[in-house]
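Colleague: Predicted model and sequence below, questions to follow.
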Amino acid sequence: MASIRLMELKDLPDVAELEQKSFTVPWSGKLLEECLESPLDKVWVLEEEGKIKGYCNFRVIAGEGELMRIAVLPASRGRGYGRELMEILAEYASINQVEEISLEVRASNSAAINLYKSYGFKTEAVRKRYYTAPDEDALIMWRRHS
């Protein structure tokens, strides 16, 4: 059974490895460590049988949220772990009265787009050629509860 908890310093090597396996332009270990030190960021890890299978980073600035990162190990996808991480994020946003949340997603990432839509996110803009390796547009999605 999977559990979710706040990320700790000891998790950095596993989360850095998850980044390498999940993104063509992964975040550095230093950047991940800075997220832990930032008062604006909450970082959760999803763990199963002592192994980190996913994580997400949520930033709140002036009452507005941004899903900075969400990732599940490729071998563990399709098990609902992304949804479990989104549940934690949505609960945190609700408790902290974060009314608006934005995110960026590769235009081709239909699994993630469908997940975000199921949480009320809507595409509001496109950033042309935002992503590299390969070059691709980013959809800017928002969830607004005003």
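Modeller: Ah, there it is. Residues are numbered from 1 along each chain as shown.
Colleague: Show me which residues of the longest helix seen in the chain are buried.
Modeller: Among the elements of the chain assigned as helix by DSSP state H, the one spanning the most residues is helix 81-95. Residues Y81, G82, E84, L85, M86, I88, L89, A90, A93 are the ones in helix 81-95 that count as buried (16 or more other C-beta atoms under 10 Å). C-beta: built from backbone N, CA, C; applies to glycine.
Colleague: neighbours around the closest residue to the last one other than its chain neighbours, how many?
Modeller: Distances taken as C-beta to C-beta, 6 or more residues apart in numbering place G65 nearest to A93, at 5.5 Å, with adjacent residues excluded. Neighbouring residues of G65 were enumerated by other C-beta atoms under 10 Å; the total is 22.
Colleague: Please name the bridge partners of G65.
Modeller: Residues in a beta bridge with G65, per DSSP bridges, are V60, I101.
Colleague: May I have the residues that are in contact with it?
Modeller: The neighbours of G65, taking C-beta atoms under 8 Å, 6 or more residues apart in numbering as the test, are F58, R59, A93, V98, E100, I101, S102.
Colleague: If you rank the residues you listed by neighbours, which is first?
Modeller: Most surrounded of the contacts of G65: other C-beta under 10 Å gives F58, at 26 neighbours.
Colleague: for the longest helix of the chain, packing partners?
Modeller: If contacts are counted by 3 or more C-beta pairs under 8 Å, 6 or more residues apart in numbering; DSSP states H and E, helix 81-95 sits against strand 2-6, strand 41-48, strand 51-61, strand 64-72, helix 110-118.
Colleague: Fine by me, thanks again.
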